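Undergrad: A structural model of the following input is requested.
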Amino acid sequence: MQAFLSEKIIGLCLEDISLKLLSDKLSEILAKNYNLDCLAIYLGNKESVRLTGLFINQSAFLSVFDSKNKTLKSITDNSEIFSGIKIQETLYENYFKIGSKELKIGNFYFNTFSKSIKNTCITLLYGGNDKKQKNRVRRNIENIFPFIEIATSSFYNKKNINADNFISSITSNLISNTLEIKGYMKVVLKLFQFYYNACYGSLNIDSGSGNYFEEIGKANNSSSVLDFNLAKNNFSIKLLLSSDTSMLNTSESHFLTDISLEYFSDIFNNFTNPKPVKDFRLSNIADLMKIFDTLNEGKVGLTDRLIDSAKFICKNIHLSDLDIENLSWTISLRNIGKVAVRFYFEHKSPGYENELNENIKSGLLTYLLPKKDLPLYSNILKASLFFLDITSKKEKIQKIYELINISDHDTSIKEALKDYVIFSKKKKCHDFYKCPEYITKSCSAYKSNVKCCETHHTMGDFKSIRSCKDCLLCISDK
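TA: Predicted coordinates:
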């Protein structure tokens, strides 16, 4: 419950909406999450507070004002009709002592929860019919309060949110979801939902070690549905997506989805394998980024190709095995902030995405890797991206050399890139592209361990890239 609610709150912080609407939405999220009839948020200092956000169940708190006794009464308490008034009007006018645990308005009782953070006081006022429920809510609110603090800090000046706390909360919450398979299921399901603009999605794993199920959103009878299945030797994966609007339903989108499920199956294997890979977390994060590359950019195997070229550069300029491992982290986390936006945010938000990505990525890399080495790792990543870009244009090798010579990379990195061009000539297409099993199982060149069966060229001839009529990647490009 707590993690799911915190994700909603962080997602709300990313929305480009007015401060009033943001505070009202936060009140509604909290009230509905805890099944409350009313929740109000008051902000201010120790001397005074003001109502900034309110959600109220109109039918539960519709009230009348007894002009003779100057008190509020619920309509059900008295059959006589007085001049009508709704309880929210009184909540706007009411000022109460900070720290009080209960507030009475007419015959309605509300619980309050207050905390002072620096010069700001945050008070939540909430009400419901069940007193035990209200006590449970108090305990839950205390656990979720750090995220409420992040959101409410934007009420005064949204641009002055404590960036460090905000980024730290997003990062720690996202990383906590990579500690178990159900967490990865939630993240991956969000990526699929974002890609297809789906209103509902579910992911189910049926295996000998147990069944796992996650779902997001809500479907209705008018929604169009897409159903994907992946069967392995000891488990199967089922993905269901539905949307009220026009949904991607092309051979290319199906192809990319099938490959993404293949990558996700590798993550599941890592969790269920009694002897996991050497670096369990790095392998899973890399597979998560492969899913992002595939769905977001249609670039199958991009992360693996970047890691391959970075490893070659590292060895060529005589860096250590630790540097190679650190570079793998640098590459795998290069778009982790964009994954976070899709995970927390229900709508596309390009305005925040790049800035958040840089902040989250920098924060994680600074935490994981030696700060003094980060500029070098960043330069090697840029060189790897540069290499893949110039070789994707199907230029002749001599032209590739010229592009490397005029680039702004260090001399040692330039020489390493030239050597990598020669080294790539020895690679077969499927090896260079790091094709997943979904592709190689249908590749005649891979199965017969020969060069491309149609072009008789290796990857190093670049101008002949992906020209095999039987290659699924080639077919997808067309």
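
Undergrad: going by C-alpha atoms from here, please, whenever you check contacts or count neighbours.
TA: Will do.

Undergrad: which helix or strand contains residue 248?
TA: For residue 248, there is no host helix or strand (DSSP states H and E).

Undergrad: now do the contacts for it.
TA: Contacts for residue 248 (CA atoms under 8 Å, 6 or more residues apart in numbering) come out as residue 196.

Undergrad: make 303 the starting number, not 1.
TA: Taking 303 as the first residue, the last one we looked at is residue 550.

Undergrad: in space, what's closest to residue 711 - neighbours in sequence excluded?
TA: residue 685 (7.1 Å; CA to CA, 6 or more residues apart in numbering).

Undergrad: ok, residue 635 next?
TA: Nearest to residue 635 is residue 663, by CA to CA, 6+ apart, at 6.3 Å.

Undergrad: spell out the secondary structure type for the one you found.
TA: helix (DSSP: H, G, I helix; E, B strand; the rest coil).

Undergrad: just give me the neighbour total for it.
TA: 22 (other CA atoms under 10 Å).

Undergrad: pretty sure it contacts residue 639?
TA: Yes. Counting by CA atoms under 8 Å, residue 663 touches residue 639, with 6.2 Å between them.

Undergrad: shouldn't residue 711 be within a helix?
TA: No. Membership of residue 711 in a helix is not supported by three-state DSSP, which gives coil.

Undergrad: separation between it and residue 589?
TA: For residue 711, the distance to residue 589 (CA to CA, to the nearest Å) stands at 29 Å.

Undergrad: okay, those two: which has more neighbours?
TA: residue 589 (23 against 17).

Undergrad: and the residue nearest to the more buried one when sequence neighbours are not counted, how far is that from residue 598?
TA: Among residues not flanking residue 589 along the chain, residue 565 sits closest, at 5.8 Å (CA to CA, 6+ apart). The gap separating residue 565 from residue 598 is 14 Å, by CA to CA.

Undergrad: try residue 527
TA: Taking CA to CA, one finds residue 527 at 21 Å from residue 598.

Undergrad: still on that earlier bit, residue 565 and residue 598 - which one has more neighbours?
TA: residue 565 (23 against 17).

Undergrad: which strand or helix spans that one?
TA: helix 553-574.

Undergrad: list the buried residues of that helix.
TA: 554-555, 557-567, 569-573 (16 or more other CA atoms under 10 Å).

Undergrad: cool, and stretch 597-616?
TA: For stretch 597-616, using 16+ other CA under 10 Å, the buried residues are 597-598, 600-616.

Undergrad: again with stretch 733-740
TA: Buried-residue list, stretch 733-740, by 16+ other CA under 10 Å: 733, 734, 735, 736, 737, 738, 740.

Undergrad: ok, stretch 718-733 next?
TA: Neighbour-count burial for stretch 718-733, counted by 16+ other CA under 10 Å, picks out 718-720, 722-723, 726-733.

Undergrad: just these now: which is nearest residue 658?
TA: residue 719 (30.7 Å; CA to CA).

Undergrad: please list all residues in contact with that closest one.
TA: 615, 685, 689, 706.

Undergrad: apart from its neighbours in sequence, what residue is nearest the first one?
TA: Take residue 615 and drop its neighbours on the chain: the residue closest to it by CA to CA, 6+ apart is residue 718, 5.4 Å away.

Undergrad: next: the third one.
TA: Computed as CA to CA, 6+ apart, the closest residue to residue 689 that is not its neighbour in sequence is residue 719, at 7.1 Å.

Undergrad: does the one you found count as helix, strand or coil?
TA: helix.

Undergrad: any idea how far it is from residue 695?
TA: Taken as CA to CA, the span from residue 719 to residue 695 is 16 Å.

Undergrad: one more: residue 716?
TA: For residue 716, the distance to residue 695 equals 19 Å [CA to CA].

Undergrad: all strands for the chain, in order.
TA: Applying DSSP state E to the chain gives strands spanning 340-346, 351-358, 364-368, 373-376, 386-388, 404-407, 410-419, 422-429, 502-509, 512-519, 526-533, 537-545.

Undergrad: out of these, name the one with the poorest average pLDDT.
TA: Across the strands of the chain, strand 386-388 has the smallest mean pLDDT, namely a mean of 42.

Undergrad: would you point out the helix or strand in this protein whose mean pLDDT is lowest?
TA: strand 386-388 (a mean of 42; mean pLDDT, DSSP states H and E).

Undergrad: okay, now the unreliable bits of the stretch 553-702 of the chain?
TA: Scanning the stretch 553-702 of the chain for pLDDT under 70 picks out 576-581, 647-654.

Undergrad: so residue 659 touches residue 665, yeah?
TA: No. Assessed by CA under 8 Å, residue 659 is found out of contact with residue 665, at 9.8 Å.

Undergrad: more crowded one of these two?
TA: residue 659 (21 against 15).

Undergrad: list the contacts of that one.
TA: 636, 637, 638, 639, 640.

Undergrad: okay, now residue 520: neighbour count?
TA: 12.

Undergrad: ok, what's across the strand from the nearest residue to it once chain neighbours are set aside?
TA: Excluding its sequence neighbours, the residue lying closest to residue 520 (CA to CA, 6+ apart) is residue 502, at 4.9 Å. With DSSP bridges as the criterion, residue 502 is bridged to residue 519, residue 544.

Undergrad: which residues touch residue 502?
TA: Residue 502 neighbours (CA under 8 Å, 6+ apart): 495, 517, 518, 519, 520, 521, 543, 544, 545.

Undergrad: buried subset of those?
TA: Among those, the ones that count as buried by 16+ other CA under 10 Å are 495, 517, 518, 521, 543, 544, 545.

Undergrad: identify the residues contacting residue 600.
TA: residue 558 are the contacts of residue 600 under CA under 8 Å, 6+ apart.

Undergrad: per-residue pLDDT, the residue nearest to residue 615?
TA: So, for residue 718, pLDDT stands at 93.

Undergrad: give the contact list for it.
TA: Counting by CA under 8 Å, 6+ apart, the residues that residue 718 touches are 614, 615, 618, 619.

Undergrad: quick check, nearest of these to residue 355?
TA: When the contacts of residue 718 are ranked by distance to residue 355 (CA to CA), residue 615 comes first, at 54.5 Å.

Undergrad: can you pull the contacts of the closest one?
TA: 682, 715, 718, 719, 722.

Undergrad: just give the number of residues close to the first one.
TA: What it means is residue 682. Residue 682 is flanked by 24 other residues according to other CA under 10 Å.

Undergrad: hang on, isn't it packed against residue 610?
TA: No. With contact defined as CA under 8 Å, residue 682 does not count as touching residue 610 (11.5 Å).

Undergrad: residues near the residue nearest to residue 416 when sequence neighbours are not counted, how many?
TA: Nearest non-adjacent residue to residue 416, counting by CA to CA, 6+ apart: residue 425, 4.2 Å away. Using other CA under 10 Å, residue 425 has 22 neighbouring residues.

Undergrad: identify the bridge partners of residue 425.
TA: residue 344, residue 416.

Undergrad: that one: what's it in contact with?
TA: By CA under 8 Å, 6+ apart, the contact set of residue 425 is 343, 344, 345, 400, 414, 415, 416, 417.

Undergrad: what's the most distant pair in the buried residues of stretch 718-733?
TA: 718 and 732 (22.4 Å).

Undergrad: OK, contacts around the closest residue to residue 656 other than its chain neighbours?
TA: The shortest distance from residue 656 to any non-neighbouring residue, by CA to CA, 6+ apart, is to residue 640 (7.2 Å). With contact taken as CA under 8 Å, 6+ apart, residue 640 is in contact with 655, 656, 658, 659.
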